[in-house]
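A.B. asks: Can you look at this prediction? I've put the sequence above it.
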Amino acid sequence: MPFPLALALLALAPAEIPTGPQLTQQIRAADAAMFAAYFGPCAPARVAMLVTPDVEMYHDRGGALLGRDAFMTSYEKLCRERQAPDAWRSRRALVEGSFRVDPVPGFGAIEEGDHQFYERKGEGPEKLAGIAHFVQLWKWTPQGWQLARILSYAHRAAGTTP
């Protein structure tokens with residue numbers, strides 16, 4: 001292989017997947033970035049960069065979204081709905097103490113935990129609306145961490161037990 005081509009291929013390869021506390025910190029940061037983009041001001045380009053082209057999301061209330069196109073169509077619909085002045089707006093918060101990260105050698109990491117959802121109508125007061133469990137598979141790519149698989153389930157109203 002010619003030397004310039006070898007250098008070009010090396011530059012395209014992702015750096016080694018971090019381990020230990022560094023892996024946990026990076027997944028926590030990727031998780032925060034994803035949910036800030038998803039539930040914050042509409043940012044389709046940012047959200048699209050945070051998921052793999054073959055992303056799969058399985059939601060016990062919303063069904064399945066297979067592929068980036070389906071995922072983004074759903075996200076863009078949510079963005080349009082949130083534009084109305086009296087629309088419901090949500091915020092997601094990770095439940096501290098439930099967060100766990102395990103490495104997947106040669107691929108990325110599995111993240112697991114519980115998250116709470118807060119809602120407000122328009123600019124009204126925010127209230128805790130529900131809680132759910134999630135498992136997310138993150139892929140380490142040349143573009144950074146991207147979500148490849150999302151499982152969000154065991155959704156329940158705030159104050160209820162599973």
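C.D. replies: Received, thanks.
A.B. asks: Chain neighbours aside, what residue packs nearest to the spatially most central residue of the chain?
C.D. replies: Geometric centre of the chain, nearest residue: residue 34, 4.5 Å, by CA atoms, centre = their mean. Spatially, and ignoring its direct neighbours in sequence, residue 34 is nearest to residue 50 (5.0 Å; CB to CB, 6 or more residues apart in numbering). Quick note: C-beta positions are derived from backbone N, CA and C, even for glycine.
A.B. asks: Spit out the contact partners of that neighbour.
C.D. replies: 30, 33, 34, 37, 145, 146, 147 (CB atoms under 8 Å, 6 or more residues apart in numbering).
A.B. asks: do the same with residue 17
C.D. replies: Neighbour list for residue 17: 23, 103, 105, 106, 107, 108, 109, 140 [criterion: CB under 8 Å, 6+ apart].
A.B. asks: just curious, which of these is nearest to residue 75?
C.D. replies: Taking CB to CB as the measure, residue 108 is the one of those closest to residue 75, at 21.5 Å.
A.B. asks: Next, the buried residues of stretch 99-113.
C.D. replies: Neighbour counts over stretch 99-113 (16 or more other CB atoms under 10 Å) mark 99, 101, 103, 108, 109, 110, 111, 113 as buried.
A.B. asks: How far off centre is it?
C.D. replies: 13 Å (CA atoms, centre = their mean, to the nearest Å).
A.B. asks: Can you tell me what sits against that stretch?
C.D. replies: 17, 19, 23-24, 27-28, 31, 94-95, 98, 133-140, 145, 148.
A.B. asks: after whichever helix or strand residue 91 is part of, next one along is what?
C.D. replies: Assigned by DSSP states H and E, residue 91 belongs to strand 88-94. Next in sequence after strand 88-94, counting helices and strands by DSSP H and E, comes strand 100-104.
A.B. asks: Let's see that next one as CSV, backbone CA atoms only.
C.D. replies: C-alpha atoms of strand 100-104 as CSV (Å, rounded to 0.1, in the frame of the first residue of the first chain):
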residue,chain,number,x,y,z
ARG,A,100,-24.2,2.4,34.2
VAL,A,101,-21.7,2.0,31.3
ASP,A,102,-20.2,-1.2,30.0
PRO,A,103,-17.7,-1.5,27.2
VAL,A,104,-18.3,-3.4,24.0
